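Student: Here is a sequence together with a model predicted from it:
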Amino acid sequence: MREAAGLGFAAVCSVWIVLTLVCQGRSRVAAAIRRHDVFGLIPLWTFFAPTPGTQDYVLLRRCRTADGRLTQWRELGGADATGQPLCTVWNPARRHAKALLDAAQSLLELASRVGRPEEIELSAPYLALLAHVSAQPCSEEACATQFALVIQKSSAYEEAVPAVAFVSSLHEID
């Protein structure tokens with residue numbers, strides 16, 4: 001019984017590995033397999049991306065105090081590696097940074113397609129960024145918060161000039 005379960009497990013793992021290897025390329029077979037992978041169990045590794053990232057997204061936040069004053073814009077730090085050697089192999093905080101990056105990219109893409117602010121403000125990426133920003137402590141007693149996304153181009157050949165890509169509305173916080 002135990003031997004049959006072990007063989008079954010080995011067969012499932014073997015099939016998964018073969019499907020993973022097949023799906024690393026761009027082919028009709030890989031596309032067909034991916035269409036049926038409804039749970040996203042087959043990973044896609046892109047060690048050498050065809051179009052590497054050439055810009056960073058910076059998330060800024062400011063607060064409105066009870067007396068109506070707006071604080072200075074402050075960068076909300078990402079969850080990058082802490083410099084420990086183990087972080088090159090195991091760094092669960094990178095998931096948080098990746099989620100923020102994905103939300104920023106999705107929001108900017110949505111904002112470029114949709115013109116109505118109320119539709120943007122009800123979108124998942126906007127609400128995710130707003131929830132993250134609202135959860136961060138403010139240096140003063142805040143009654144409202146606002147965030148902005150700034151794009152920082154990275155190039156070895158020219159000086160990087162940051163550009164404001166998106167500014168949210170002010171939102172009341174508890």
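Tutor: That came through, no problem.
Student: what's the closest non-adjacent residue to L127?
Tutor: The shortest distance from L127 to any residue other than its chain neighbours is 7.9 Å, reached at E121 (CB to CB, 6 or more residues apart in numbering). C-beta coordinates here come from the backbone N, C-alpha and C atoms, glycine included.
Student: Need the pLDDT of that neighbour.
Tutor: On pLDDT, E121 comes in at 91.
Student: Please compute how far the helix or strand that contains E119 lies from its chain's middle.
Tutor: Using DSSP states H and E, E119 sits within helix 117-121. The chain centre lies 20 Å from the centre of helix 117-121; the measure is CA atoms, centre = their mean, to the nearest Å.
Student: who's in contact with it?
Tutor: Contact with helix 117-121 is made by 107, 110-111, 114, 126-127, 168-169, as judged by CB atoms under 8 Å, 6 or more residues apart in numbering.
Student: could you redo the last one with a cut-off of 7 Å?
Tutor: Outside of helix 117-121, the residues within contact range by CB atoms under 7 Å, 6 or more residues apart in numbering are 110-111, 114, 126, 169.
Student: did I read that right, V164 in a helix?
Tutor: No - assessed with DSSP: H, G, I helix; E, B strand; the rest coil, V164 is strand; it does not lie in a helix.
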